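Q: sequence unknown, structure follows:
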Ligand SMILES: Cc1cc2nc3c(=O)[nH]c(=O)nc-3n(C[C@H](O)[C@H](O)[C@H](O)COP(=O)(O)OP(=O)(O)OC[C@H]3O[C@@H](n4cnc5c(N)ncnc54)[C@H](O)[C@@H]3O)c2cc1C
């Protein structure tokens, strides 16, 4: 039993929107994607694909290309300014073949966009959707110029963490800004400093100074630097001399990479939100991706969760008897993991980004030990790999060390 072919609008051509539109169009629904930019483009730098996200890319036929374009990541290694290990997690503790993939966002975007264009979905660019009007069981989208498109049986809102539509369509939704964000740049990594051990690496000093290095393949690495959100306001200058001195003092071995960020224009800026919705949908309007569950990127899960949303939505429509039943099924399947990662990210973030030095002290004292503790280490590694379905429940990898998607 499946829901008959629907007219579907997808708002936003980011990771979640691209994947959802492709799965839904391939399943026979008539899909139109609305993207505000005239030329859809990736926002931001490198990201870490977990075994869960890789499984969704496999379902789209893109896993092999993502592995080739990106860099294999074997784990997460964090040290503090005294050189003490704060986090040390290896995917191999789950299975010898288990790994993540660091990938440049542009490369992932290109793969998903090319795949979307091979599907029957229609793409409308330069279309900023400012409102959604509901009429009974159907909904129309309204462009910034006032043009109405639709009605559609289903509108999938995937317009990202700073979604404007969320507050309009779902006023009780909460999306406060985290007090800290980051700047990042993608730089050549000719000497393979960052790629040598195939790790996402972090250097930390207290809770106010943090630098991350993620190999993203093709001889590139992405450098992250934590800053208070107030310092990230558009137009506010970044003092590059101070940044360089601070970064070199924190991580002298990374001098070759730090020196490559020549000026402030080389950095992109990001702020994050802690998004909580009272429900995934209001009638025929469904939120997915960061628009539904944006968090701080501390656990590196956002894109992976968005890819899973897309896959599960298509599966739920294939299994449900009508739209309402399919959306209820989607919510039941996505709730446990999304709730866990939202809570865990929120709980952990102040230990890495805040003005609370005691939390940094507690992190340095306890987290490295926890990574080795027999009871805690598997919880932390399955959390990193995107496998958790709750504080007490987790999925496992299959016999080949890969995540297997449910039907
Ligand atoms: C510093 C940082 C590091 C991160 N690292 C990782 C990581 O390692 N691993 C990971 O999985 N995730 C990571 N994330 C999170 C990840 O980037 C997001 O979870 C992911 O990009 C969300 O995808 P999305 O499709 O929901 O939204 P987005 O990628 O934000 O896409 C939204 C799309 O909607 C469009 N849009 C917005 N408003 C409108 C409108 N009104 N009308 C039409 N179109 C609109 C936008 O132009 C955009 O194309 C990181 C995030 C940050 C900030």
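A: That came through, no problem. What you see is a predicted model; the values in this text were computed from it and never measured.
Q: Give me the buried stretch members for the helix ranked longest in the chain, please.
A: The longest helix of the chain (DSSP state H) is helix 323-352. Neighbour-count burial for helix 323-352, with 16 or more other C-beta atoms under 10 Å as criterion, is recorded at 323, 326-331, 333-334, 337-338, 340-342, 344-345, 348-352. Every residue, glycine included, has its C-beta placed from N, CA and C.
Q: where does the stretch 201-350 of the chain come near the ligand, residue by residue?
A: 224, 270, 272, 289-291, 297, 300-304, 306 (C-beta under 6 Å from any ligand atom).
Q: Just the ones of those residues in strands?
A: The strands, defined by DSSP state E, take in 224, 270 from these.
Q: Now for the residues of the stretch 201-350 of the chain next to the ligand: which two are most distant?
A: Farthest apart among those by C-beta to C-beta are 224 and 291. That separation is 22.8 Å.
Q: more crowded one of those two?
A: The neighbour comparison of residue 224 against residue 291 (other C-beta atoms under 10 Å) goes to residue 291, with 32 against 20.
Q: Could you tell me the end-to-end distance of stretch 199-215?
A: One end of stretch 199-215 sits 7 Å from the other (C-alpha to C-alpha, to the nearest Å).
Q: Residue 55 is in contact with residue 405, isn't it?
A: Yes: between residue 55 and residue 405 a contact is recorded at 5.1 Å, counting by C-beta atoms under 8 Å.
Q: how about stretch 16-29 against the ligand, any contact?
A: Yes: applying C-beta under 6 Å from any ligand atom, one finds stretch 16-29 touching the ligand at 16, 17.
Q: for that stretch, the distance to its chain's centre please.
A: Centre-to-centre, stretch 16-29 and its host chain are 18 Å apart (C-alpha atoms, centre = their mean, to the nearest Å).
Q: now do stretch 114-130
A: How far stretch 114-130 lies from its chain's middle: 20 Å, per C-alpha atoms, centre = their mean.
Q: list the buried ones in that stretch?
A: Applying 16+ other C-beta under 10 Å to stretch 114-130 flags 115, 116, 119, 121, 123, 127, 129 as buried.
Q: Please list which of the residues you listed are also close to the ligand.
A: Among the buried residues of stretch 114-130, the ligand is touched by residue 129 when using C-beta under 6 Å from any ligand atom.
Q: What is the nearest of the buried residues of stretch 114-130 to the ligand?
A: Nearest to the ligand, judged by C-beta to the nearest ligand atom, of those is residue 129 at 4.0 Å.
Q: Kindly state the beta-bridge partners for that closest one.
A: Counting by DSSP bridges, residue 129 is bridged to residue 143.
Q: about what we covered before: show me the residues of the stretch 201-350 of the chain next to the ligand that map onto helices.
A: Per DSSP H, those map to helices at 290, 291, 302, 303, 304, 306.
Q: May I ask which of these has the most neighbours?
A: Neighbour max across these (other C-beta under 10 Å) = residue 291, 32 neighbours.
Q: wouldn't it be in contact with residue 160 here?
A: Yes: taking C-beta under 8 Å as the definition, residue 291 is a contact partner of residue 160 at 5.9 Å.
Q: what is in contact with these two at once?
A: Common neighbours of residue 291 and residue 160 (criterion: C-beta atoms under 8 Å, 6 or more residues apart in numbering): residue 12.
Q: Poorly predicted segments of the stretch 251-400 of the chain, please.
A: Across the stretch 251-400 of the chain, the ranges flagged by pLDDT under 70 are 264.
Q: so what secondary structure elements neighbour the longest helix of the chain?
A: Under the contact criterion of 3 or more C-beta pairs under 8 Å, 6 or more residues apart in numbering; DSSP states H and E, the helices and strands touching helix 323-352 comprise helix 290-293, helix 302-319, helix 357-372.
Q: The closest residue to residue 62 other than its chain neighbours: which element?
A: Leaving aside its chain neighbours, residue 62 sits nearest to residue 111 (5.0 Å; criterion: C-beta to C-beta, 6 or more residues apart in numbering). Assigned by DSSP states H and E, residue 111 belongs to helix 105-118.
Q: Could you give the separation of that helix from the chain centroid?
A: The answer for helix 105-118 is 16 Å, by C-alpha atoms, centre = their mean.
Q: ok, and what's touching the helix or strand just after that helix?
A: Counting by DSSP H and E, the element after helix 105-118 in chain order, helix or strand, is strand 122-124. Contacts of strand 122-124 with the rest of the structure, by C-beta under 8 Å, 6+ apart, involve 13, 31, 32, 33, 34, 35, 40, 116, 117, 149.
Q: Give me the secondary structure label for the last one.
A: Secondary structure state of residue 149, per DSSP: H, G, I helix; E, B strand; the rest coil, is strand.
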